[in-house]
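A.B. asks: quick one: sequence and predicted model below, then my questions.
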Amino acid sequence: MNGYAGKKRLGRAPRAARAPVHSPRFVRASAFTLRNPFAPSVKDQATKSLLAVIEECDRGLSTSAEAREQIEEAVQTLEGLQSKPTTGKDLSGTWALAWTTEKETLWILANAGLFNTEAGDVITFPPEGAFIVDSSISVEGEQRTSFQFTSATIKLPNDKDIKLPPFGKGWFDTVYSSGSLRIARDIRGDLLICRKEGPPRKFE
């Protein structure tokens, strides 16, 4: 007789039911981030930063290496945001120089006092004189404008004018324009930043 006869085979005891485990769900925080409609845009931030820096640079006469780096960074940001042509009607107007790297312009700004002049869009000789340069321009593309000087005149008191031979031509690219702020790079790579003062003015 088999020694195992009559013995009942015992099965495994049933496992106790496990309580359900709920794993935490990880979601990207950005999915629940609400955008602040009043937060400044990238363009507004870059514009504000640019204007704040150049305000301390005396139109380019006292620009430190750090300031130059900040200006270039802001300009590159705004240039990357420019999505439409900049050679349209918004280009026409009276623009005030805010900052530049042009050596000739900086020389005039630095030495204007020696000649009893005031340097601006038109160099004036108070109380009545001025040095006026006229030019013709033509649009060459979505950003590029070519120019050629056509006349130069020194206006003196009592309606006395001295005509000078015009010289010089070139082009500039308006890499950014907001209607009130214009940034251009010229044929030599110089940077020019201007703020709009109003509609075009004719100097005579």
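C.D. replies: Received, thanks.
A.B. asks: name the element T174 belongs to?
C.D. replies: Applying DSSP states H and E as the criterion places T174 in strand 169-177.
A.B. asks: that strand pairs with which strands, and in what direction?
C.D. replies: Strand pairing for strand 169-177, using DSSP bridges, gives strand 144-156 (antiparallel), strand 181-186 (antiparallel).
A.B. asks: buried set for the top helix by length along the chain?
C.D. replies: In the chain, assigned by DSSP state H, the helix with the most residues is helix 65-81. Residues of helix 65-81 classed as buried: 67-68, 70-71, 74-75, 77-78 (neighbour count, 16 or more other Cβ atoms under 10 Å). For every residue, glycine as well, the C-beta is placed using N, CA and C.
A.B. asks: do the same with stretch 142-152
C.D. replies: 143-147, 152.
A.B. asks: avg pLDDT for stretch 104-121?
C.D. replies: Averaging pLDDT along stretch 104-121 gives 68.
A.B. asks: ditto for stretch 89-100
C.D. replies: Rounded mean pLDDT across stretch 89-100 is 89.
A.B. asks: how far off centre is that stretch?
C.D. replies: Distance of stretch 89-100 from its chain centroid, counting by Cα atoms, centre = their mean, to the nearest Å, is 13 Å.
A.B. asks: quick revisit: show me what counts as buried in the strand holding T174.
C.D. replies: For strand 169-177, a neighbour-count test (16+ other Cβ under 10 Å) marks 171-177 as buried.
A.B. asks: now this protein, which segments are flagged as low pLDDT?
C.D. replies: 1-39, 112-128, 203-204 (pLDDT under 70).
A.B. asks: so where do the strands sit in it?
C.D. replies: Secondary structure of the chain (DSSP state E): strands at 94-100, 123-125, 129-139, 144-156, 160-164, 169-177, 181-186, 191-198.
A.B. asks: need the contact list for T101.
C.D. replies: By Cβ atoms under 8 Å, 6 or more residues apart in numbering, the residues touching T101 are 60, 190-192.
A.B. asks: ok, and the most crowded of these?
C.D. replies: Using other Cβ atoms under 10 Å as the neighbour test, the contacts of T101 are led by G60, with 25 neighbours.
A.B. asks: doesn't W107 make contact with that residue?
C.D. replies: No: between G60 and W107 there is no contact under Cβ atoms under 8 Å: 10.9 Å.
A.B. asks: now stretch 87-97: buried residues?
C.D. replies: For stretch 87-97, by 16+ other Cβ under 10 Å, it's 87, 90-91, 93, 95, 97.
A.B. asks: what's the closest of the buried residues of helix 65-81 to A184?
C.D. replies: Comparing the buried residues of helix 65-81 against A184 with Cβ to Cβ picks out V75 as the nearest, at 10.3 Å.
A.B. asks: how much space separates that closest one from Y176?
C.D. replies: 7 Å (Cβ to Cβ, to the nearest Å).
A.B. asks: now I193
C.D. replies: Distance from I193 to Y176, by Cβ to Cβ: 9 Å.
A.B. asks: hey, what's in contact with both of these two?
C.D. replies: The contact lists of I193 and Y176 share 75, 182-183, where a contact means Cβ under 8 Å, 6+ apart.
A.B. asks: can I get the strands of the chain in JSON lines with distance to N111?
C.D. replies: Converted to JSON lines, these look like this (distance: least, Cβ to Cβ, whole Å):
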{"stretch": "strand 94-100", "distance to N111": "15"}
{"stretch": "strand 123-125", "distance to N111": "11"}
{"stretch": "strand 129-139", "distance to N111": "13"}
{"stretch": "strand 144-156", "distance to N111": "16"}
{"stretch": "strand 160-164", "distance to N111": "18"}
{"stretch": "strand 169-177", "distance to N111": "23"}
{"stretch": "strand 181-186", "distance to N111": "21"}
{"stretch": "strand 191-198", "distance to N111": "19"}
